[in-house]
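Engineer: dropping a prediction and its sequence here:
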Amino acid sequence: MEPTGYWTFFSNPKMWAIDEFLLSGEVYDLFSVARWQKDWFKKGQLGVIRVGHDQRTKEQLNGKKRLRRGIYAIIEILGSPFLSISGDELWLEKDEKEKPRYSVEIKYLQNLLRRPISLDHFREEESPEYDKYLVHGFQTASIPLNPHTFESIISSIGGTEKLEFEFFNTRIRQYEDIHFLERTYIHGVREVTEALSVYIEKSHVALDYQRSSGFKCEICTALGIEPFYFETPNGEYYAETHHVMPNPQTYDNSISSLSLITVCPNHHRQLHYGKVKLLENNHEKFAFEIDDEIVAVPKGLQSFQKLVEE
């Protein structure tokens, strides 16, 4: 078994009334995780809360409906696991219950109590979306989840636009705030880093960067074509900002390398959705392969920092 960046958390309603928690409106929680997985958890990973057979007694239900097998929440991992003393989980052996446990802080991004996702949707074993642990359960607190399964789950709720990621609470006032978010979420999964880039692209700092580059599309400039899109009523040209999330394999925390580029709407969409490969991202330049053509874009970090300081 290998880490995937996505997680299934197993909830036993007999030991913990997940329905009561979801009805409370709380969005932050701690969840025990398996010790042998403790080094696999990173901030910016995602997961689901899975409920199996609800074996609560009538007294424990206290008038509530028995939960069906399914997925009851989408969650975000907020940090690395830490040691905690707990251990009443049903799946633990007697000699394991009093040992130190690891817990991880999570945020509930989507409450599915009213409309849980049935596990029957993922029973086709030949499907790339099949995950045997999600469907059949496992005697542990947490287990890596198949990324294709998670993608299908997100699609079924309407996409990541429905999720309130934790970084939405971070205001972007200066470029260092962008660098802080990049450092914080450098190991985030694709859905998180893509949403983070969109969040950065809509910030006031991104607009400041457009202004520092004269609202010229830097891809068009590198290709030797008209860099302006159209003039707006205030006399400035319309442009957009694209954010390039650093590569976790080559990222250097000590270097605040510029990760913004001014683009026209066409090139912005192409960078997000087109046949584009980032070949190089260093302190001096970006190098993209766009439709089999190499495009080098010099970085203007010093001029941008000077403009921001002014």
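Structural biologist: That came through, no problem.

Engineer: now for Arg68, how many residues are close by?
Structural biologist: Neighbour count for Arg68, taken as other C-beta atoms under 10 Å: 13. From N, CA and C alone the C-beta is placed, and that goes for glycine too.

Engineer: sheet-wise, list the partners of the helix or strand harbouring Tyr102 with their directions.
Structural biologist: If you go by DSSP states H and E, Tyr102 is part of strand 101-111. Counting by DSSP bridges, the strands paired with strand 101-111 are strand 28-33 (antiparallel), strand 70-77 (antiparallel), strand 82-84 (antiparallel).

Engineer: which residue ranges of the stretch 151-300 of the chain form strands?
Structural biologist: Counting by DSSP state E, counting those that start in this stretch, the stretch 151-300 of the chain has strands at residues 240-243, 260-263, 276-281, 285-290, 293-298.

Engineer: excluding covalently adjacent residues, which one is nearest to Glu194?
Structural biologist: Thr160 (7.5 Å; C-beta to C-beta, 6 or more residues apart in numbering).

Engineer: just to revisit the earlier point, make a markdown table from the strands paired with strand 101-111 and add distance to Thr8 and mean pLDDT to it.
Structural biologist: A markdown table is the format used below for the strands paired with strand 101-111 (distance: least, C-beta to C-beta, whole Å; pLDDT from 0 to 100):
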| stretch | distance to Thr8 | mean pLDDT |
| --- | --- | --- |
| strand 28-33 | 11 | 92 |
| strand 70-77 | 9 | 97 |
| strand 82-84 | 20 | 84 |
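
Engineer: remind me which residues of the stretch 151-300 of the chain are low pLDDT?
Structural biologist: Scanning the stretch 151-300 of the chain for pLDDT under 70 picks out the ranges 251-256, 300.

Engineer: please enumerate the helices of the stretch 151-300 of the chain.
Structural biologist: 175-184, 190-201, 204-212, 218-223, 265-273 (DSSP state H, counting those that start in this stretch).

Engineer: out of these, flag the one nearest Ser259.
Structural biologist: Closest of these to Ser259 is helix 175-184, at 6.5 Å (criterion: C-beta to C-beta).

Engineer: so which elements touch that closest one?
Structural biologist: Counting by 3 or more C-beta pairs under 8 Å, 6 or more residues apart in numbering; DSSP states H and E, the packing neighbours recorded for helix 175-184 are helix 190-201, helix 204-212, helix 301-309.

Engineer: got the buried residues for that helix?
Structural biologist: Tyr175, Ile178, His179, Leu181, Glu182, Thr184 (16 or more other C-beta atoms under 10 Å).

Engineer: quick one, strands of the stretch 1-150 of the chain?
Structural biologist: Under DSSP E, counting those that start in this stretch, the stretch 1-150 of the chain gives strands at 6-11, 28-33, 46-51, 70-77, 82-84, 101-111, 117-118, 142-144.

Engineer: can I get the ones you listed in JSON lines with distance to His243 and mean neighbour count?
Structural biologist: JSON lines is the format used below for the strands of the stretch 1-150 of the chain (distance: least, C-beta to C-beta, whole Å; neighbours: other C-beta atoms under 10 Å):
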{"stretch": "strand 6-11", "distance to His243": "23", "mean neighbour count": "23"}
{"stretch": "strand 28-33", "distance to His243": "27", "mean neighbour count": "18"}
{"stretch": "strand 46-51", "distance to His243": "20", "mean neighbour count": "25"}
{"stretch": "strand 70-77", "distance to His243": "20", "mean neighbour count": "24"}
{"stretch": "strand 82-84", "distance to His243": "31", "mean neighbour count": "12"}
{"stretch": "strand 101-111", "distance to His243": "21", "mean neighbour count": "20"}
{"stretch": "strand 117-118", "distance to His243": "31", "mean neighbour count": "15"}
{"stretch": "strand 142-144", "distance to His243": "28", "mean neighbour count": "22"}
